[in-house]
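What would the 3D arrangement of this be:
(one chain, ligands or ions: 1)
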Amino acid sequence: MSFDFTSIIDRRGKDAFAVDWIGRIPGIAPELPKEGFDCIPMWVADMNFPVAPAIVETLTERIRHPLFGYFELSDTYFESIIRWQERSCQVKDLKAEHICMDNGVMGGLVSALKVFCSPGDPVLLHAPVYRGFKDTLKFCGYQCIYSWLVQDENHIWRMDFADMEQKIVENGIHAAVLCSPHNPCGRVWEREELAQAMEVFRKHNVFVVSDEIWSDLIFEGHRHIPVQSISEDARSRTVALYAPTKTFNLAGITGSYRIIYNSWIRDRIEKEAEMTLYNNKNVLSMHALIGAYSPKSIPWVRELCSVLEANMRYACAYIRKHFPGVFLTETDGTYMVFIDCNEWCRDHGKTLDEVLKAGWQVGVGWQDGRLFEADFHIRMNLALPFSKVQEAFERLRAYVFC
Ligand SMILES: Cc1ncc(COP(=O)(O)O)c(C=O)c1O
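Numbers count the residues shown, from 1 in each chain. Model (predicted):
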């Protein structure tokens, strides 16, 4: 390996929500481990790896120039995104005018919904659902209407197109949020699946916000398909949201961007984003993106994906071998896995709360599936050095699923 994905870095006291807030958020990060156990943070979606060296180099160089006044996004910022999108998503015709900066994906989502919906309107989402969508929509006064993903005969999560259509018609829906790749289920949607979903949206005139923040974290044999590449219609009815923050572990620096080809929609959303007065540019965030999207970071992402895939395969094999009644299907990408504990809880007369608590007590900081609308699942973040993932599963075997 050329990059460091094995060092165990102590994040305590270093601005790390993942470790410093354990025991302080009931229902989310509810309890500190018992004496004798350290905490293995597998809940919030950030990584326990140092960032790509090109990011540190770019930020260091910028910080050496000690002035941080008002600024505009540079040509290099836009060129970096255009080059990255071409390499990573095979997008050929992206221009600077199609790209708008946001300081976060959830902000971009809200600005888009303000254009697509009236207050109180229903919005279609898939469940299990990324908690950020659910909370953001509720806080902003939209109704979440869920179409459940269903597991096929191979336990692969699939969209239920008939159900999506029925929900759209029954509720008079004109806006949908897609999560592509999907958090927490780890699906990288195939072109045919996206084409079918976009056909449903076209038929019923539903505008789409496609959150593609996970699009760089894709495993062997899978490919991220940008929703906007599905058809001319998809290109003009979709707002795509991207960010370097998941891929490069930059959530604490913030920064994301919207790609919108339809100029009418783009201008209206940009106006909404400006009107919040909170969507200010951050110069370090701009330079972090430039470092992240530099050609030097490509091998880092490639290596990261192979580390994440190996962790995921280990987790699946370990569960299959040692935890009968617990189910996890191999994921296509991201670093989240969503573990089905329904049968195990039933067979052992345990509640999900008891299982979750047993994990937290031995330092396995995992996350309640009910936050994602699933009653018997647990979400785990596998973006840790392999030795820590191994340790977590050994603790689960010794103290939880026993
Ligand atoms: C699907 C998805 N979108 C967005 C975010 C967060 O984006 P931001 O911090 O830019 O709002 C996350 C974080 O986990 C996520 O999983």
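
Once you drop chain neighbours, what's closest to Phe401?
The spatially closest residue to Phe401, leaving aside those adjacent along the chain, is Phe323, at 4.3 Å (CB to CB, 6 or more residues apart in numbering). Where C-beta positions appear, they are placed from N, C-alpha and C, glycine not excepted.

Return the distance of the longest helix belonging to the chain from the chain's centre.
Longest helix in the chain, counting residues (DSSP state H): helix 298-322. Averaged C-alpha coordinates place helix 298-322 at 17 Å from its chain's average position (CA atoms, centre = their mean, to the nearest Å).

need the next SSE after it, C-terminal direction.
Once the chain leaves helix 298-322, the next helix or strand it forms, by DSSP states H and E, is strand 336-340.

Between helix 298-322 and that next one, find me the angle.
For strand 336-340 against helix 298-322, the angle by axes from the mean of the first three to the mean of the last three CA atoms, to 10 degrees is 10 degrees.

The helix or strand encompassing Glu270 close to the ligand?
Following DSSP H and E, one finds Glu270 within helix 263-275. No - using CB under 6 Å from any ligand atom, helix 263-275 stays clear of the ligand, coming no nearer than 13.1 Å.

go on, stretch 20-32?
No - Stretch 20-32 stays clear of the ligand (CB under 6 Å from any ligand atom), getting no nearer than 13.2 Å.

returning to that earlier point: what helices or strands is the helix holding Glu270 leaning on?
If contacts are counted by 3 or more CB pairs under 8 Å, 6 or more residues apart in numbering; DSSP states H and E, helix 263-275 sits against strand 99-102, helix 105-116.

got a list of contacts for the last one?
With CB atoms under 8 Å, 6 or more residues apart in numbering as the contact definition, helix 105-116 has outside contacts at 102, 123, 132-133, 136-137, 140, 142, 174-175, 177, 207, 209, 211, 213, 239, 241, 243, 245, 256-258, 265, 268-270, 272-273, 276, 278-279.

What residues of it count as buried?
By neighbour count with 16 or more other CB atoms under 10 Å, helix 105-116 contains the buried residues 105-116.

would you list these in JSON lines and tack on pLDDT and distance to the ligand?
Conversion of the buried residues of helix 105-116 to JSON lines gives the following (pLDDT from 0 to 100; distance: CB to the nearest ligand atom, whole Å):
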{"residue": "Val105", "pLDDT": "98", "distance to the ligand": "4"}
{"residue": "Met106", "pLDDT": "98", "distance to the ligand": "4"}
{"residue": "Gly107", "pLDDT": "97", "distance to the ligand": "7"}
{"residue": "Gly108", "pLDDT": "98", "distance to the ligand": "8"}
{"residue": "Leu109", "pLDDT": "98", "distance to the ligand": "8"}
{"residue": "Val110", "pLDDT": "98", "distance to the ligand": "10"}
{"residue": "Ser111", "pLDDT": "98", "distance to the ligand": "12"}
{"residue": "Ala112", "pLDDT": "98", "distance to the ligand": "13"}
{"residue": "Leu113", "pLDDT": "98", "distance to the ligand": "14"}
{"residue": "Lys114", "pLDDT": "98", "distance to the ligand": "16"}
{"residue": "Val115", "pLDDT": "98", "distance to the ligand": "18"}
{"residue": "Phe116", "pLDDT": "98", "distance to the ligand": "18"}
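
Restricted to helices, list the contacts of helix 105-116.
132-133, 136-137, 265, 268-270, 272-273.

Now, of those residues, which are buried?
Of the ones in helices among the contacts of helix 105-116, these count as buried by 16+ other CB under 10 Å: 132-133, 136-137, 265, 268-270, 272-273.

from the residues you listed, which is closest to Asp160?
Each of these was checked against Asp160 using CB to CB; the closest is Phe133, at 18.0 Å.

For the protein, what lies in contact range of the ligand?
Residues of the chain lying near the ligand (CB under 6 Å from any ligand atom): 45, 104-106, 130, 132, 179, 183, 211, 213, 243, 245, 251, 256.

farthest-separated two in the residues you listed?
Greatest spatial distance among the residues of the chain next to the ligand (CB to CB): Cys179 and Ala251, at 16.8 Å.

between the two, who's got more neighbours?
Neighbour tally, Cys179 and Ala251, criterion other CB atoms under 10 Å: the higher count belongs to Cys179, 24 against 17.

Tell me the bridge partners for the more buried one.
Asp211 (DSSP bridges).

And it, what's its pLDDT?
Looking at Cys179, its pLDDT stands at 98.

before we move on, back to that, which one of the ones in helices among the contacts of helix 105-116 sits closest to the ligand?
Nearest to the ligand out of the ones in helices among the contacts of helix 105-116 is Gly132 (CB to the nearest ligand atom; 5.2 Å).

any idea how far that closest one lies from Val44?
Distance, Gly132 to Val44, using CB to CB, to the nearest Å: 11 Å.

do the same with Cys140
Taken as CB to CB, the span from Cys140 to Val44 is 22 Å.

Ok, Ser210 next?
23 Å.

Check Ile99 too.
Applying CB to CB, the value for Ile99 to Val44 is 28 Å.

who's in contact with Tyr130?
179, 183-184, 211, 372.

of all the residues you listed, which two lie farthest apart?
Longest distance between any two of those is 14.4 Å, between Asp211 and Phe372; criterion CB to CB.

re the thing from before, give me the ChimeraX select line for the contacts of Tyr130, limited to the buried ones.
Here is the ChimeraX command that selects the buried residues among the contacts of Tyr130 (16+ other CB under 10 Å):
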select :179,183,184,211,372
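
for the stretch 151-300 of the chain, what spans make up the strands?
For the stretch 151-300 of the chain, applying DSSP state E, counting those that start in this stretch gives strands covering 157-158, 175-179, 207-211, 238-242, 256-259.

What is the third one packed up against?
Same thing as strand 207-211. helix 105-116, strand 175-179, helix 191-203, helix 232-237, strand 238-242.
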